[in-house]
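S.K.: based on what follows, work out the 3D shape:
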Amino acid sequence: MMDFRLTPEQELFRDGVRRTLEGFGRGASGPALRRALAELGASMTDIPEAQGGLGGAGIETALVMQEFGRHLVAEPFAASVVHAGGLLGALGLASDLVEGLMEGTKVAALASAEPEGAGDALAVATTARRSGDGFVLAGRKSVVIGAPGADSLLVTAVSADGAFDGIGLFRLDAPDPARLAPCRTLDFYPAADLALDGLALPAEALIACDCGAALEEATDAAIIATCAEAVGAMEAALWLTNDYLKTRKQFGVAIGSFQALQHRMADAFVMVEQARSSLFAALAGRAAGPGPRRRAVAAAKALIGRSGNAMGADMVQLHGGIGMTEEYAIGHYYRRLLAIEARFGNSTHHLRRLACLPD
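M.R.: You can find the predicted model right below:
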């Protein structure tokens, strides 16, 4: 059984990340933030020791992502370092790129999600066909977070002609901007759809094959990181609303004194603590092996997605009209929670995943 009381070192690490993000301000992103996080060691926490990282169990990464949620950071840390970097680290590949991720000098994006995949990273329809000494890809990847401005894209595909087994992983350095359709997610992360039809790549662009198990593990790690981000956002939204209810007056008294609103805040507090417990269960499951990891991650994503969505809406309502304004923070926390519910598959997807897993 894991002990989730933070060690003194973990508390210092969390406090350092918090001070750094406070210095950058809400919604921060960019090279300076990446370098600052790298100096704290945050970019090394999920990289295996064999690749020069710290090889942690995800707890330190969760601490980082909780602070991301509290400060509404828009830097694609989970997509680049945890998802893409974690996959490369598990496969022992692309040490130059992994080193750049840990130093905060490079950004990678893992293009695994597809329009028909419903968040399932293993549902790959993109194909690669042999053409001369290389490959030609066909397909489309959707909402690849971090793709605009990424130094490298990692693209999953299956062979159309038996050239390799299972899911193959292709590395695209300096991707062609013409193939990207940039966008911003609901919570302001940089993302893009990626069109691959007719993309010719040399043979060495295929850096791994039959990597489905490693891809699933890296995706589960990224889901846990995203769940931690949601917990941080939920906690910040709760206390922001609590402070508002203490200052907003109606009939000459603070509306926080109304019993009906106190009950709603108590319900929201329970949601936050349930979400935190689910996050802890997912971290424990990750350390216990593939079976427990899959069950715990699916359960956590389903619960946190639904409770974050419901709680965010309730906190906006408790703010009244001001909660609907662009200038006030509570609406941005709600956006973050809505986006997290959809990322890596929504609650319904993960409930189905959980139901299909063996006991």
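
S.K.: from here on, contacts and neighbour counts on C-alpha atoms
M.R.: Fine.

S.K.: low-confidence bits of the chain, can you list those?
M.R.: Within the chain, the ranges that satisfy pLDDT under 70 run 1-3.

S.K.: rerun that using 50 as the cut-off
M.R.: Along the chain, segments meeting pLDDT under 50 are nowhere present.

S.K.: show me what the top helix by length along it is packed against.
M.R.: Secondary structure of the chain per DSSP state H: the longest helix is helix 212-247. Using 3 or more Cα pairs under 8 Å, 6 or more residues apart in numbering; DSSP states H and E, the elements in contact with helix 212-247 are helix 59-71, helix 85-91, strand 253-254, helix 259-288, helix 290-319, helix 329-342.

S.K.: contacts only, for G53.
M.R.: Going by Cα atoms under 8 Å, 6 or more residues apart in numbering, G53 touches M44, T45, D46, I47, M102.

S.K.: SS state for it?
M.R.: Three-state call for G53 (DSSP: H, G, I helix; E, B strand; the rest coil): coil.

S.K.: so what's K249 closest to, chain neighbours aside?
M.R.: Computed as Cα to Cα, 6 or more residues apart in numbering, the closest residue to K249 that is not its neighbour in sequence is I255, at 5.5 Å.

S.K.: right, and that neighbour touches R248 too?
M.R.: Yes. Contact criterion Cα atoms under 8 Å: I255 and R248 qualify, at 6.1 Å.

S.K.: circling back to that earlier point, relative to R184, which of the helices and strands packed on helix 212-247 is closest?
M.R.: Smallest distance to R184 across these (Cα to Cα): 11.1 Å, for helix 329-342.

S.K.: need the max-distance pair from the contacts of G53.
M.R.: It's D46 and M102 that sit farthest apart of the contacts of G53, by Cα to Cα, at 9.7 Å.

S.K.: joint contacts of these two?
M.R.: Common neighbours of D46 and M102 (Cα under 8 Å, 6+ apart) are G53, V81.

S.K.: now for the residue nearest to K249: which residues touch it?
M.R.: So I255 contacts L245, K246, T247, R248, K249, L261 (Cα under 8 Å, 6+ apart).

S.K.: give me the buried entries from the residues you listed.
M.R.: Using 16 or more other Cα atoms under 10 Å as the burial test, those include L245 as buried.

S.K.: looking at this, E114 is in a helix?
M.R.: No. Applying three-state DSSP, one finds E114 to be coil, outside a helix.

S.K.: what's the burial count for it?
M.R.: Residues lying near E114 (other Cα atoms under 10 Å) number 24.

S.K.: skipping its backbone neighbours, what lies nearest it in space?
M.R.: K141 (4.6 Å).

S.K.: check the offset of the helix or strand hosting the one you found from the chain's centre.
M.R.: If you go by DSSP states H and E, K141 is part of strand 140-145. Its chain's average C-alpha position is 14 Å from that of strand 140-145, according to Cα atoms, centre = their mean, to the nearest Å.

S.K.: equivalent analysis for stretch 261-269, please.
M.R.: That offset, for stretch 261-269, works out to 28 Å (Cα atoms, centre = their mean).
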